[in-house]
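> fold the following, please.
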Amino acid sequence: MEYLSGRPKVKVLEEKKNYLKFVVDPLYRGYGITLGNALRRVLLSSIRGYGIYAVEIGGITHEFTSIPHVYEDVPEIIFNLKQVVIKGSLDRDKLHLKVKGEKEVKASDFEPNPNIEIVNPDQHLFTITDKKGEVEMTAYVKRGFGYNLESENKEKGFPINTIFMDTVFSPVRKVNFNVSSSDVAPFPKREKLVMEIYTNGAINPREALKEASEILKYYMDVISEFKEEEVKKELSVELLPIPSRIKNILRKEGIETVTQLKRLVNSGDIKDIRGIGEKSIEEIREVLFKTEEAVEEPSFFSKAIDELMDEFALTDEELMRLKEGGIKTLKDLLGYSASDLLSDKFGLPSKRVKRIENKLRKWNLFLRKEKKK
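Residues are numbered from 1 along each chain as shown. Model prediction:
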């Protein structure tokens, strides 16, 4: 298809520690907004990061209060704690702080933790206004994505004076994009996508872009595999070991798949088809029942005959004869009768044909029925 012709190229226009600007060009018309929207949503909502989600302050039982000799009240301290940017290596961790005396307290005053890196150590937390002032604090850190409300962060098993807070886990702060005419192919059916990614320093913008792309790819793969599986389940009636006469009648009635045939049998409408009597209907029911397990794994029919060589105990010479005769998959094999395999065309010994029939029977499959003489 036209939109698949010509691979778009990605070019970095500007890059800093916490900023990336790049262009994807050329794109078929409409794909700029499609890709831009998808990447922007995933970048802002699904990139994992770390944040403080609860705090325990010595002597404080709830957030609507103040700390002796501290300029800021507790709500303001909580706001400042939310601004601390963290890199971590564990899903959950803690930061401890104990300070005395008149001073400005920053994120760098947390005790060192080998599993945590504070990206913005100069972040202001609070100010102690008197030398008598003393504050002890434990900040609880966890890994998450997006934005969590205080109610979502609340957990059992914490000290009664623990204060939970809202948390922005996403390390991506802002994403912009715009779509305009392509520089490579400047005509109406080509366009370019320019994107800007801003992060808080906990993740490189390139890493965030790569992670977002992998998330989208994962879900696209899920959808792609689902579609492929659905198509495979639509098995042809031709695969069923029923008389050619019945297959011809079904074909004329537009019944081409096993699913259609099952629906016809279960509804009883098959009785209305001329040329298919009660005996034929019972035969069809029996075949559908026997092949039900095989139908659940339709990809098995496309197996190469080489993969079944050991199952059928074929010699290299016998395998070569089958392939030269047009039997390359299990589906091909089911189109021949035992007599066909014994004929000069394939020349398989009777014990080999018997082995094939027995193995197929275990799979609820059968060679084509012999033609009546």
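> C-alpha from now on. contacts and neighbour counts both.
OK.
> what pairs with the lengthiest strand in the chain, parallel or antiparallel?
The single longest strand within the chain, with elements called by DSSP state E, is strand 134-145. With DSSP bridges as the test, strand 134-145 is paired with strand 48-57 (antiparallel), strand 92-100 (antiparallel).
> against which helices or strands is whichever helix or strand comes after the longest one packed?
It stands for strand 48-57. On the C-terminal side of strand 48-57, the nearest following helix or strand under DSSP states H and E is helix 74-82. When contacts are defined as 3 or more CA pairs under 8 Å, 6 or more residues apart in numbering; DSSP states H and E, helix 74-82 packs onto strand 48-57, strand 124-128.
> contacting residues around the longest one?
Outside strand 48-57, the residues that touch it by CA atoms under 8 Å, 6 or more residues apart in numbering are 81-82, 84-88, 135-146, 150, 153, 159, 161-171, 202.
> same deal with stretch 192-205?
With contact meaning CA under 8 Å, 6+ apart, stretch 192-205 is reached by 17-27, 32-33, 36, 49, 85-87, 119, 171-183.
> so how far is the first residue of that stretch from its last?
20 Å (CA to CA, to the nearest Å).
> please, a ChimeraX command that selects the buried ones among the contacts of stretch 192-205?
In ChimeraX, a selection of the buried entries from the contacts of stretch 192-205 looks like this (16 or more other CA atoms under 10 Å):
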select :18,19,20,21,22,23,24,25,26,27,32,33,36,49,85,86,87,119,171,172,175,177,179,181,182
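> so where do the helices sit in the stretch 151-300 of the chain?
205-233, 244-252, 258-267, 278-290, 292-295 (DSSP state H, counting those that start in this stretch).
> among these, which comes closest to His62?
helix 205-233 (36.6 Å; CA to CA).
> mean confidence for the closest one?
In this model, helix 205-233 carries a mean pLDDT of 79.
> quickly run through the sheet partners of the helix or strand that the longest strand of the chain is followed by, with directions.
Taking DSSP H and E as the definition, the helix or strand that follows strand 134-145 towards the C-terminus is strand 147-148. Strand 147-148 has these partner strands in its sheet, going by DSSP bridges: strand 167-168 (antiparallel).
> and the partner strand, how far out from the chain middle?
Averaging C-alpha positions (CA atoms, centre = their mean, to the nearest Å) puts strand 167-168 25 Å from its chain's average.
> can you list the neighbours in contact with it?
When contacts are defined by CA under 8 Å, 6+ apart, strand 167-168 is touched by residues Gly51, Ile52, Tyr53, Lys82, Phe145, Gly146, Tyr147, Asn148, Leu149, Glu150.
> next one: Ser244 relative to Val353, how far apart?
Ser244 sits 22 Å away from Val353, going by CA to CA.
> ok, now Ile215?
Here Ile215 is placed at a distance of 50 Å from Val353 (CA to CA).
> so, low pLDDT: which residues of the stretch 251-373 of the chain?
Residues of the stretch 251-373 of the chain meeting the criterion pLDDT under 70: 267, 289-301, 363-364, 371-373.
> now do 50
Residues of the stretch 251-373 of the chain meeting the criterion pLDDT under 50: 293-298.
> so which residues of it form strands?
Remark: no strands are assigned in the stretch 251-373 of the chain by DSSP state E, counting those that start in this stretch.
> what pairs with Ile163 across the strands?
For Ile163, the beta-bridge partners are Val55 (DSSP bridges).
> which ones are touching it?
When contacts are taken as CA under 8 Å, 6+ apart, Ile163 is in contact with Ala54, Val55, Glu56, Thr61, His62, Glu63.
> contact partners for the last one?
It refers to Glu63. Neighbouring residues of Glu63 by CA under 8 Å, 6+ apart: Val74, Pro75, Ile163.
> and which of these is nearest Ser339?
The shortest approach to Ser339 among these belongs to Ile163, at 81.4 Å (CA to CA).
> and the closest one, how far from Glu317?
Using CA to CA, we find Ile163 at a distance of 77 Å from Glu317.
> residues near the closest residue in space to Glu311 that isn't next to it in sequence, how many?
Here the nearest residue to Glu311 in space, its sequence neighbours aside, is Lys359; by CA to CA, 6 or more residues apart in numbering that works out to 7.4 Å. Burial measure for Lys359: 15 neighbouring residues, criterion other CA atoms under 10 Å.
> then Gly201?
Around Gly201 there are 19 other residues, counting by other CA under 10 Å.
> Asp91 now?
Neighbours of Asp91 using other CA under 10 Å come to 11.
> ok, it - contacts?
When the contact criterion is CA under 8 Å, 6+ apart, the partners of Asp91 are Lys142, Arg143.
> helix or strand right after the helix or strand where Glu104 lies?
Under the assignment given by DSSP H and E, the secondary-structure element containing Glu104 is strand 103-106. Where DSSP H and E defines the elements, the next helix or strand beyond strand 103-106 is strand 116-118.
> avg pLDDT for that following strand?
When pLDDT is averaged over strand 116-118, the result is 96.
> circling back: export the longest strand of the chain as CSV, just CAs?
Once non-C-alpha atoms are left out, strand 134-145 reads as follows in CSV (Å, rounded to 0.1, in the frame of the first residue of the first chain):
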residue,chain,number,x,y,z
GLU,A,134,14.3,20.1,65.8
VAL,A,135,12.6,18.0,63.1
GLU,A,136,12.7,14.2,62.5
MET,A,137,11.0,12.9,59.4
THR,A,138,10.6,9.6,57.4
ALA,A,139,9.5,10.0,53.8
TYR,A,140,8.1,6.9,52.0
VAL,A,141,9.1,6.4,48.4
LYS,A,142,7.6,4.0,45.8
ARG,A,143,7.6,3.4,42.1
GLY,A,144,4.5,4.1,40.0
PHE,A,145,3.3,5.8,36.9
